[in-house]
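[1] below is the sequence, then the predicted model.
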Amino acid sequence: MDALLSNLTSVGWWGSVVVVGILVNFLSQFLYPRLAALPIRGLSLIRRRTAKRRARFEEQVAALTANPQRLPIVIAAEHRFYFLASLVMGCAIFLLLVLAVLPALGSTLSLWLQSSFFFVSSLLFVAGTQIADKGFELGQVIAKVARDW
């Protein structure tokens with residue numbers, strides 16, 4: 001407490017506070033326009049990605065409408081994506097269960113092995129959701145084509 005009071009009464013401390021405040025002010029004036037433009041850039045990236053997905057969706061619908069014999073193949077691909085996603089998610093859950101059961105069995109895994117199991121299972125969860133998203137997109141194409149018939 002005495003050190004705090006001595007700092008508050010020190011001229012050098014107050015001088016450094018003023019200098020740092022001025023530097024922060026200049027730095028904020030320099031960074032503000034750049035930081036303000038970040039959300040706008042992010043929105044433009046999202047818009048471009050959405051436009052690409054929409055174009056790919058319309059292209060797949062047009063190709064499937066032009067050639068309806070491909071419909072069973074596309075349905076099989078959709079089911080394959082869902083099966084693969086559930087298989088990957090199952091592997092991730094198995095790894096997490098192994099992590100939960102091994103300490104109860106008296107096994108002492110090293111910390112790096114436990115963390116690598118957890119990291120791999122989280123990667124598998126992400127991969128499973130991406131694969132399921134592809135299946136969902138194919139399902140939307142099939143639904144659009146089936147509605148148009």
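    In hand now; what should we look at?
[2] mind listing the helices for this protein?
    Secondary structure of the chain (DSSP state H): helices at 2-9, 11-66, 71-101, 111-148.
[3] is it possible to export the ones you listed to JSON lines including mean neighbour count and mean pLDDT?
    Every residue, glycine included, has its C-beta placed from N, CA and C. Compiled in JSON lines, those are given as follows (neighbours: other CB atoms under 10 Å; pLDDT from 0 to 100):
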{"stretch": "helix 2-9", "mean neighbour count": "9", "mean pLDDT": "77"}
{"stretch": "helix 11-66", "mean neighbour count": "11", "mean pLDDT": "87"}
{"stretch": "helix 71-101", "mean neighbour count": "15", "mean pLDDT": "91"}
{"stretch": "helix 111-148", "mean neighbour count": "15", "mean pLDDT": "88"}
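[4] can you list the domain ranges for this structure.
    Per automatic domain parsing, the domain ranges recorded for the chain read 1-53, 67-149.
[5] dump stretch 5-13 to CSV, keeping only the CA atoms.
    Included here for stretch 5-13 are C-alpha records, laid out as CSV according to Å, rounded to 0.1, in the frame of the first residue of the first chain:
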residue,chain,number,x,y,z
LEU,A,5,0.9,5.9,-2.4
SER,A,6,4.5,6.7,-3.1
ASN,A,7,3.8,6.1,-6.9
LEU,A,8,0.8,8.4,-6.8
THR,A,9,2.8,11.2,-5.3
SER,A,10,5.7,10.8,-7.7
VAL,A,11,6.1,13.2,-10.6
GLY,A,12,7.8,10.7,-12.7
TRP,A,13,4.9,8.3,-12.5
